[in-house]
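Colleague: Quick one: sequence plus predicted model below, questions after.
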Amino acid sequence: MTGAFFLMGSPAALAQANINTNPGAQQKSAPAPMQSLSEVADPTTTLVADPVKDVTGTPIGDVRSVKMTADLKVTAVDVTLRTQENTGKAVSIDASKFRFDPNNSVLETSLSLSQIQKLPAAQ
């Protein structure tokens, strides 16, 4: 028998021994965690036109603009709704109501669609 050998052990034991049992597999890095809007680099560029989802994960619109203070803190996000009842209406939502998913470039709000629809039109 020339050049043949076998490794014995459970996958966990092989992993602990740092033996790659699937050499063709690509190493994936962990996805980036959700971010508050204060953690987003260059929010006016990063967030504009990104999709927005309500608390249930349902797409409800797109970022129209980002409102910021003089010291570059995000205060609110204007969202153009694209729901059946409110297509085209823009509402302003407080920045604290959002988390940003950098892996998918999506803003998720803690508000329900019915809460969002009751907001006054953005100015």
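Modeller: Sure, I can see it.

Colleague: Mind pulling up the pLDDT for the residue nearest to residue 90 when sequence neighbours are not counted?
Modeller: In space, and not counting its chain neighbours, residue 90 is closest to residue 122: 4.2 Å by CB to CB, 6 or more residues apart in numbering. For the C-beta atoms, the positions are set from N, CA and C on the backbone; glycine is no exception. Looking at residue 122, its pLDDT stands at 92.

Colleague: ditto for residue 86
Modeller: 80.

Colleague: my guess is it contacts residue 117, does it?
Modeller: Yes - counting by CB atoms under 8 Å, residue 117 is a contact partner of residue 86 at 5.7 Å.

Colleague: Quick one: the strands in this protein, in order.
Modeller: For the chain, the strands defined by DSSP state E occupy 51-53, 59-68, 74-81, 90-94, 98-101, 106-109.

Colleague: what pairs with the first one, and is each one parallel or antiparallel?
Modeller: Taking DSSP bridges as the criterion, strand 51-53 forms sheet pairs with strand 59-68 (antiparallel), strand 106-109 (parallel).

Colleague: most packed of those?
Modeller: With neighbours taken as mean count of other CB atoms under 10 Å, the strands paired with strand 51-53 reach their highest mean count in strand 106-109, at a mean of 20.

Colleague: Residue 60: what's its closest spatial neighbour, skipping adjacent residues?
Modeller: Using CB to CB, 6+ apart and skipping residues adjacent in sequence, the residue nearest residue 60 is residue 54, 4.9 Å away.

Colleague: Good, we can wrap up now.
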